[in-house]
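> What follows is a predicted protein model with its sequence.
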Amino acid sequence: MKYCQQQFNYPVEATLHLIGGKYKSVILWHLKDKTLRFSELQRLIPKATPKMLTQQLRELESSNMVHRTVYPVVPPKTEYSLTEFGLTVIPVLDAMCRWGTDYLESGNHDS
C-alpha cells in the first residue's frame, strides 16, 4: 500500500499510521523472528480480544507488513509472518524497545 506524500504532514505520521494500532507493534515484534499461528499470537497477547487481534492483523496485512497463509485443513490453519517490507520496521521496534526499557528502568514513569 503506497501513500501519497500529501496524506501526511510529517514522516512520523506515516510510521504511526502503519504501526500505531493498539496491538500492531506488539504483533510485529512477536513475528520478527518467526511465523506464528493465530492461536499462538492470542496466547502471546492475552489482552487482545480475538476480534481486535483479527482487525489489527488485517490492517497489517493490507499495508503489506504481514503475510497471511491459510492452509485448507480442518480445522483451518492460519499462519502469519512478516513480509520483506514488514522486516524493515524491526530496527524501529528495536529502538522503541530500548527506549521503553530505559524509561521503565529510570523510574520517571511513577508520577
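Yes, it's here.

> quick one: the strands in this structure?
Using DSSP state E, the strands of the chain run over 36-37, 66-71, 77-82.

> and the ones you listed as a markdown table, adding distance to Gln56?
Quick note: C-beta positions are derived from backbone N, CA and C, even for glycine. Formatted as a markdown table, the strands of the chain follow (distance: least, C-beta to C-beta, whole Å):
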| stretch | distance to Gln56 |
| --- | --- |
| strand 36-37 | 13 |
| strand 66-71 | 9 |
| strand 77-82 | 11 |
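
> For those, give me TSV that also has mean pLDDT and mean neighbour count.
As requested, the strands of the chain are exported to TSV (pLDDT from 0 to 100; neighbours: other C-beta atoms under 10 Å):
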stretch	mean pLDDT	mean neighbour count
strand 36-37	98	16
strand 66-71	96	14
strand 77-82	96	17
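
> right, so of those, which gets closest to Phe8?
The closest of these to Phe8 is strand 66-71. By C-beta to C-beta, the value is 21.2 Å.

> Within its sheet, name the partner strands of that closest one and how each one runs.
Applying DSSP bridges, strand 66-71 is found paired with strand 77-82 (antiparallel).

> Give me the contacts around the strand it pairs with.
When contacts are defined by C-beta atoms under 8 Å, 6 or more residues apart in numbering, strand 77-82 is touched by residues 27-28, 31-32, 34-38, 41, 57, 65-71, 90.

> can we see that at 7 Å?
28, 31-32, 35-38, 41, 57, 65-71 (C-beta atoms under 7 Å, 6 or more residues apart in numbering).

> Give me the distance between the longest helix along the chain and the centre of its chain.
Secondary structure of the chain per DSSP state H: the longest helix is helix 90-106. Centroid displacement of helix 90-106 relative to its chain, using C-alpha atoms, centre = their mean, to the nearest Å, is 15 Å.

> which strands and helices sit next to it?
helix 24-31 (3 or more C-beta pairs under 7 Å, 6 or more residues apart in numbering; DSSP states H and E).

> Tell me what angle the helix it packs on forms with helix 90-106.
On the basis of axes from the mean of the first three to the mean of the last three C-alpha atoms, to 10 degrees, helix 24-31 is oriented at 110 degrees to helix 90-106.

> Alright, calling it a day.
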